[in-house]
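Novice: I'd like to go over a predicted model; first the sequence, then the structure.
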Amino acid sequence: MSRRARALAAVLALLLAATALTSCTDDGPRITLRVLAAPELVDAEGLLDDLEEDTGVELDMVYEATAGLDGLDGLTGRRTGRDAYDLAWLTSDRSLRLRLQETGATPPESTAIMRSPVVVGLTPEVARTLRAASPGGRISWADIADAAADGTLRFGMADPRRSDTGRAALVGVATAAAGTGSALREEDVSCDRLRGFRSGQTLTAASSR
């Protein structure tokens, strides 16, 4: 088995443990799990056949922007049958936890299996301009927001209302704008700073992919 396939097999083992399912043997029954998946995972689709061959478990991946309500309803008991999911493989479980908090439901067991930062890609010219104006040449979220507000920076970003990645970027800007050095609180949010940041957004999409 390749290194990447072994990594996916380890992921599947964690998912199966979280849903209290037992992996089958070569002679055992085949298992199909319907998975609500972050759109970024499309890149791993070519490995799923190897995963099924090695474990006997087929993952029926349904790629949706996972900060939106439609997909999350399939995990909260609001949907049944083909609209429900056996498990989720999300960018983050924060949107799900917020959704469940609204209803007073208990969040399901979850396991963090990897970390992936939000990356801002800049053209060399814009990067040089921002670095020249930043202390130590280190560009912060606050610098990004200011550059967007004054027209120096135009960018594309996933819709934070539907994408956990887009939401993480927006929270990063809001936290930098607050300047408290601690976790963001509602009273710390600067709407003017956020409006300035969003004024630079000229391209949007439902997901980061």
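Specialist: Nice, thanks for sending it over.
Novice: what's the weakest-modelled helix or strand in the protein?
Specialist: helix 3-18 (a mean of 51; mean pLDDT, DSSP states H and E).
Novice: and the spatially most central residue of the chain, which of the three is it?
Specialist: Nearest to the geometric centre of the chain sits residue 91, at 2.7 Å (C-alpha atoms, centre = their mean). Put simply, residue 91 is coil when judged by DSSP: H, G, I helix; E, B strand; the rest coil.
Novice: what do you get for residue 162?
Specialist: Per three-state DSSP, residue 162 ends up coil.
Novice: what about it, how many neighbours?
Specialist: As a burial measure, residue 162 scores 21 neighbours (other C-beta atoms under 10 Å). All C-beta spots, glycine's among them, are computed from the backbone N, C-alpha and C.
Novice: try the one 3 residues further on
Specialist: A count of nearby residues for residue 165, using other C-beta under 10 Å, gives 25.
Novice: Can I get the helix or strand where it lies in CSV? Just the C-alpha atoms.
Specialist: Following DSSP states H and E, one finds residue 165 within helix 164-178. Taking Å, rounded to 0.1, in the frame of the first residue of the first chain, the C-alpha atoms of helix 164-178 are listed here in CSV:
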residue,chain,number,x,y,z
ASP,A,164,-15.3,27.1,6.8
THR,A,165,-12.1,28.2,5.1
GLY,A,166,-13.6,31.5,4.1
ARG,A,167,-15.0,31.9,7.6
ALA,A,168,-11.5,31.2,9.1
ALA,A,169,-10.1,34.0,7.0
LEU,A,170,-12.7,36.4,8.1
VAL,A,171,-12.2,35.5,11.8
GLY,A,172,-8.4,36.0,11.2
VAL,A,173,-9.0,39.6,9.9
ALA,A,174,-11.5,40.3,12.7
THR,A,175,-9.1,39.1,15.4
ALA,A,176,-6.2,41.1,14.0
ALA,A,177,-8.4,44.2,13.8
ALA,A,178,-9.4,43.8,17.4
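Novice: Point out the other elements, helices or strands, that it touches.
Specialist: helix 94-103, helix 141-149, strand 155-158, helix 191-198 (3 or more C-beta pairs under 8 Å, 6 or more residues apart in numbering; DSSP states H and E).
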